[in-house]
Structures are given as structure tokens and as C-alpha cells.
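Chemist: Curious how this folds, go ahead:
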Amino acid sequence: MLDHLNSVAANPPRVVVIGAGGFVGGAILTRLAQAGANVVGLSRKQVDLLAENGAASLLDHLREGDTVVFVSAVAPARNSHQLIQNLQMAEAACKAMSQKRPAHLIYVSSDAVYADEANPVTERSVLQPSSFHGMMHAARELMFKAQVPVPLAILRPTLIYGARDPHNGYGPNRFRRQAAEGKDVGLFGEGEEQRDHVFIDDLAEITRLAIVHKSRGILNVATGTSTSFRAAAKLAVVISGNNSAIKGSPRQNPISHRHFDIVDSLKSFPAFNYVPLREGMQRAVQAEAS
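Modeler: Okay, here's the model as predicted:
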């Protein structure tokens with residue numbers, strides 16, 4: 001659960017979003033700007049954290065007392081090389097922030113840090129990553145905790161969907177694009193697995209709330225409602241207005257589900273409500289059409 005250090009919510013003097021050129025970082029940057037924050041976005045064009053001078057380059061863009069949102073990553077990390085790259089990026093950031101210490105740090109992690117069989121998932125679930133991506137985030141969480149001794153909020157979003165996602169991963173993003181093009185919507189097995197899907201705008205707003213409250217601690221970013229991939233595919237077809245077929249395939253892996261207990265989220269931000277999957281998918285379609 002998050003602990004709020006600000007008794008009254010307020011924008012900090014300056015927010016620096018590291019990784020602002022990506023899907024998640026760009027959404028956070030946009031939401032902060034809409035809310036009137038003084039925000040600076042850093043992408044790889046401004047700071048290459050994998051370069052030999054990565055730490056020094058980042059240092060030039062930071063001010064003592066900044067609020068920093070760290071989203072930069074080679075994602076998803078699929079192999080040991082990408083794992084090491086992500087750790088090098090975090091190490092460069094830690095070096096820079098140890099010299100110009102921020103007032104507040106927010107790290108956007110992932111629910112991949114939890115064991116696959118953890119159900120329901122809470123903020124107290126055991127960290128037991130089973131993928132390079134999960135291991136990367138677990139290690140970077142530890143690095144920031146150990147090397148940047150400032151108030152730290154760790155956000156662990158589940159599967160994210162929304163407009164302009166470049167990964168087009170299995171789930172709502174891929175389904176709605178296939179349906180929009182009139183193509184068959186393909187499922188793994190019969191799409192029985194149930195997952196929680198969070199709209200990108202919700203993650204951006206949760207990040208903003210953590211900033212204005214100067215929150216510290218850990219929070220899972222999940223709606224608390226799990227939906228099967230088949231049901232998500234059906235939604236995509238209905239929203240598209242096309243007659244795309246939904247086709248299963250021979251199952252390669254055992255069926256597994258993931259459910260979240262979001263009590264901590266409700267306690268941390270009681271006035272916040274997640275966007276339902278159908279509405280989020282409709283908004284993503286509209287955003288990509290505009």
C-alpha cells in the first residue's frame with residue numbers, strides 16, 4: 001500500500017519523466033501536462049542510458065529536488081542480453097540520482113515480478129519472477145531502493161492496453177487491430193485464460209496521483225476484474241462492427257489465470273475508478289482513428 005507524504009495533493013516544482021518517448025512514458029507525460037504540472041520528458045534522443053556517458057548525460061538534465069518518474073526500458077526483456085541492458089540503464093540512472101538527489105522517485109515496474117501461480121495477487125505476494133522481464137523489474141526495484149535513498153513509489157501494472165501501443169501484444173491491443181482490419185482474431189488455445197487488463201490512461205492517472213500525494217511504497221495497478229481472452233476478442237469484434245471470426249489454436253501451455261485483490265488500491269486512492277475493459281477498448285479505437 002502507498003503512504004502519502006503530502007497532506008494536501010499538489011504538483012511538485014518539476015517532474016522529469018525518463019523514458020518519455022515510449023508508450024507508457026508518453027502517456028504519463030501527456031497526463032501530467034494536462035494537469036498543469038511542470039514536466040520535462042527525456043527520451044533516448046536526449047539521454048542514452050546505454051551510452052558510456054549515460055549517467056553524466058542524465059545528470060545534466062536533472063536538478064536537485066526533482067520528482068523523477070523512471071519508465072525507460074528495453075521492453076519486453078526477452079533474453080539475457082536485454083536483461084543486462086536494462087540493468088545497465090538503471091545503474092546509470094542510480095549514479096546520476098545519487099549525485100543530484102530527487103525529492104521523490106516513482107518506478108514503473110510490472111506484475112511480472114510475482115509468481116505465476118500467485119492468486120489473488122496482492123502487494124504482499126512473494127516476488128518470484130519466471131521470465132527475464134520479471135527478473136529485470138525485480139532487480140531494478142532493488143537497485144533503486146538500495147542506491148537512491150529517497151521516497152520511492154513502485155507501481156506494478158498488469159497487462160496494459162491502449163492506443164499506439166507499439167508492441168501489439170496478445171490481448172486487447174492485437175484483437176482490436178485484427179478485428180478493425182476484418183481479419184480473423186487468433187487465440188492461444190480457446191482463449192480460456194483470465195487476465196486483468198489496465199487501460200493506459202489509468203496507469204498515467206495513478207502515476208499522477210502518486211506524484212501529487214508524494215506517495216511511497218508499492219501499489220499494483222490492476223482493475224480487480226479478470227476477463228478471458230476469448231471475451232476480450234468478442235468485445236473487439238463487436239466494437240469493430242466487422243464480422244471477424246474468432247479462431248482458437250492447439251494449446252501449447254497449461255491454462256493459467258491471474259486475479260488481483262485491489263484493496264490496497266482502493267485504500268490508497270478511494271476516489272479513483274478504473275475504466276472498464278469495453279470502454280477502454282472503445283477509447284483506444286477512437287484515439288487511433290483521430
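
Chemist: tell me what the helix ranked longest in the chain is packed against?
Modeler: In terms of residue count, the longest helix belonging to the chain (DSSP state H) is helix 80-99. For helix 80-99, the packing partners by 3 or more Cβ pairs under 8 Å, 6 or more residues apart in numbering; DSSP states H and E come out as helix 54-61, strand 67-70, helix 132-147. (Each C-beta comes from the backbone N, C-alpha and C, glycine too.)

Chemist: Now do the helices in this protein.
Modeler: Ranges of helices in the chain, per DSSP H, are 23-34, 54-61, 80-99, 132-147, 172-180, 200-212, 229-240, 263-268, 277-289.

Chemist: how far off helix 80-99 does the fourth one point, in degrees?
Modeler: Between helix 132-147 and helix 80-99, the angle comes out at 20 degrees (axes from the mean of the first three to the mean of the last three Cα atoms, to 10 degrees).

Chemist: residue contacts, the most centrally placed residue in the chain?
Modeler: With distances taken as Cα atoms, centre = their mean, the residue of the chain nearest its centroid is P157 (4.7 Å). Going by Cβ atoms under 8 Å, 6 or more residues apart in numbering, P157 touches V108, S109, S110, D111, V198, L203, N220, V221, A222.

Chemist: Relative to V263, which of those residues is nearest.
Modeler: Proximity of these to V263, judged by Cβ to Cβ, is greatest for N220, which lies at 10.3 Å.

Chemist: tell me which residues of stretch 177-188 are tucked away?
Modeler: Within stretch 177-188, the residues that count as buried by 16 or more other Cβ atoms under 10 Å are R177, Q178, A179, A180, V185, G186, L187, F188.

Chemist: Adding distance to L152 and pLDDT, write those residues out as CSV.
Modeler: Output for the buried residues of stretch 177-188, formatted as CSV (distance: Cβ to Cβ, whole Å; pLDDT from 0 to 100):
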residue, distance to L152, pLDDT
R177, 36, 94
Q178, 39, 96
A179, 40, 96
A180, 40, 93
V185, 40, 97
G186, 40, 97
L187, 39, 97
F188, 36, 96
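
Chemist: from those, which two are the most distant?
Modeler: Taking Cβ to Cβ, no two of the buried residues of stretch 177-188 sit farther apart than A180 and F188, at 20.4 Å.

Chemist: any residues touching stretch 47-56, and which ones?
Modeler: 18, 57-58, 61, 72, 85, 88-89, 91-93, 95-96.

Chemist: ugh, wrong one, stretch 266-276
Modeler: Contacting residues not belonging to stretch 266-276 are listed as 1-2, 4, 198-199, 201-202, 205-206, 209, 215, 219, 223-225, 265, 283 [Cβ under 8 Å, 6+ apart].

Chemist: Is there a quick PyMOL command that grabs whichever of these are buried?
Modeler: Typed into PyMOL, the line below selects the buried ones among the contacts of stretch 266-276, using 16+ other Cβ under 10 Å:
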select buried, resi 2+4+198+199+201+202+205+206+209+215+219+223+265+283
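
Chemist: tell me the contacts of the spatially most distant residue from the centre of the chain?
Modeler: No residue in the chain sits farther from the centre than N243, which is 31.9 Å out by Cα atoms, centre = their mean. By Cβ under 8 Å, 6+ apart, N243 lies in contact with G182, V237.

Chemist: at 7 Å instead, please
Modeler: By Cβ atoms under 7 Å, 6 or more residues apart in numbering, the contact set of N243 is empty.

Chemist: What separation do you get for it and R164?
Modeler: Noted for N243: a distance of 26 Å to R164, by Cβ to Cβ, to the nearest Å.

Chemist: Check R208 too.
Modeler: From R208 over to R164 the distance is 19 Å, taken as Cβ to Cβ.

Chemist: Check G191 too.
Modeler: Between G191 and R164 the computed distance is 24 Å (Cβ to Cβ).

Chemist: okay, these two: which has more neighbours?
Modeler: G191 (23 against 12; other Cβ atoms under 10 Å).

Chemist: if I pick the more buried one, what's in contact with it?
Modeler: By Cβ under 7 Å, 6+ apart, the neighbours of G191 are S228, F229, R230, A233, G248.
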